[in-house]
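In: structure for the following, please:
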Amino acid sequence: MSRIGKKPITIPAGAKAAVQANKISVEGPKGKLELGIPFGIEVKQNGQDLIVTRRSDLKQDRTNHGTIRSRIVGMLQGVTTGHKKDLEIQGLGFRAQVQGAKVVFNLGFSHPVEFEIPKDVKVSVPTQTSIILEGADKVRVGQIAATIRALKKVEPYKGKGIRYVGQVVRRKQGKSVTK
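Out: Next up, the predicted model:
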């Protein structure tokens, strides 16, 4: 039995969960989310608790058991408190600014890079070198953060690029001249 999957999930105050045959929907003050439940996994509501079980000991069912439970916990946390990712930009002249429904990045290219802000994620730029992403869906916020990071990956020689706050970048030694 999965150690993570067998723990019951307590629905926090202010959130509602509804279990249908093959999906679960969660609603709270920050929004509404749905998750499809794969065949072989069952979710049952028992008062203020959700219990995730599997129908068999097939490898795929064992794999999905803990994963679905963790996704449901993330959904409940997202609709009550939300999820947040902080990014920082390092490099001389590198900056970002919000213009309407777009974030415009100056990342050392010959042109500014425009990134369309999705409707379900809130993007704010408090300073020119920091970006804050907030939303209810943990997977969506993480994917948008990864997409923004991919615009200018951190290079290992000078450490310039877009990174998560607190991310450690291993620096390489530059070319050395020998005589």
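In: let me know the secondary structure of Leu76.
Out: With DSSP: H, G, I helix; E, B strand; the rest coil as the basis, Leu76 sits in helix.
In: distance check, it against Thr10.
Out: With the distance defined as C-beta to C-beta, to the nearest Å, Leu76 ends up 9 Å from Thr10. All C-beta atoms are positioned from the backbone trio N, CA, C, and that covers glycine.
In: and the residue nearest to the spatial centre of the chain, how close does it get to Val121?
Out: In the chain, the residue lying closest to the centroid (C-alpha atoms, centre = their mean) is Gly142, at 2.4 Å. Distance of Gly142 to Val121, given as C-beta to C-beta: 10 Å.
In: with Ile144 instead?
Out: Separation of Ile144 from Val121 (C-beta to C-beta): 5 Å.
In: which residues do these two both contact?
Out: Common neighbours of Ile144 and Val121, counting by C-beta atoms under 8 Å, 6 or more residues apart in numbering, are Leu133, Gly135.
In: which parts of this structure are strands?
Out: 9-10, 16-19, 23-28, 31-36, 41-46, 49-54, 83-90, 95-99, 102-106, 113-116, 121-127, 130-135, 161-164 (DSSP state E).
In: could I get the ones you listed as TSV with mean neighbour count, mean pLDDT and distance to Arg3?
Out: Listed next are the strands of the chain as TSV, based on neighbours: other C-beta atoms under 10 Å; pLDDT from 0 to 100; distance: least, C-beta to C-beta, whole Å:
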stretch	mean neighbour count	mean pLDDT	distance to Arg3
strand 9-10	16	93	14
strand 16-19	14	93	22
strand 23-28	18	94	21
strand 31-36	15	94	21
strand 41-46	14	92	16
strand 49-54	19	92	12
strand 83-90	17	96	24
strand 95-99	15	95	42
strand 102-106	18	96	41
strand 113-116	12	96	40
strand 121-127	15	95	32
strand 130-135	19	96	29
strand 161-164	19	96	28
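In: send the alpha carbons of stretch 160-172 over as PDB?
Out: C-alpha atoms of stretch 160-172 as PDB (Å, rounded to 0.1, in the frame of the first residue of the first chain):
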ATOM      1  CA  LYS A 160      23.000  35.700 -16.500                       C
ATOM      2  CA  GLY A 161      19.400  34.700 -17.200                       C
ATOM      3  CA  ILE A 162      16.000  34.000 -15.600                       C
ATOM      4  CA  ARG A 163      16.000  31.800 -12.500                       C
ATOM      5  CA  TYR A 164      13.900  30.800  -9.500                       C
ATOM      6  CA  VAL A 165      14.600  32.900  -6.400                       C
ATOM      7  CA  GLY A 166      17.200  31.000  -4.300                       C
ATOM      8  CA  GLN A 167      18.200  28.800  -7.200                       C
ATOM      9  CA  VAL A 168      21.900  27.900  -7.000                       C
ATOM     10  CA  VAL A 169      23.800  27.900 -10.400                       C
ATOM     11  CA  ARG A 170      27.100  26.100 -10.600                       C
ATOM     12  CA  ARG A 171      29.500  28.500 -12.200                       C
ATOM     13  CA  LYS A 172      32.200  27.300 -14.600                       C
END
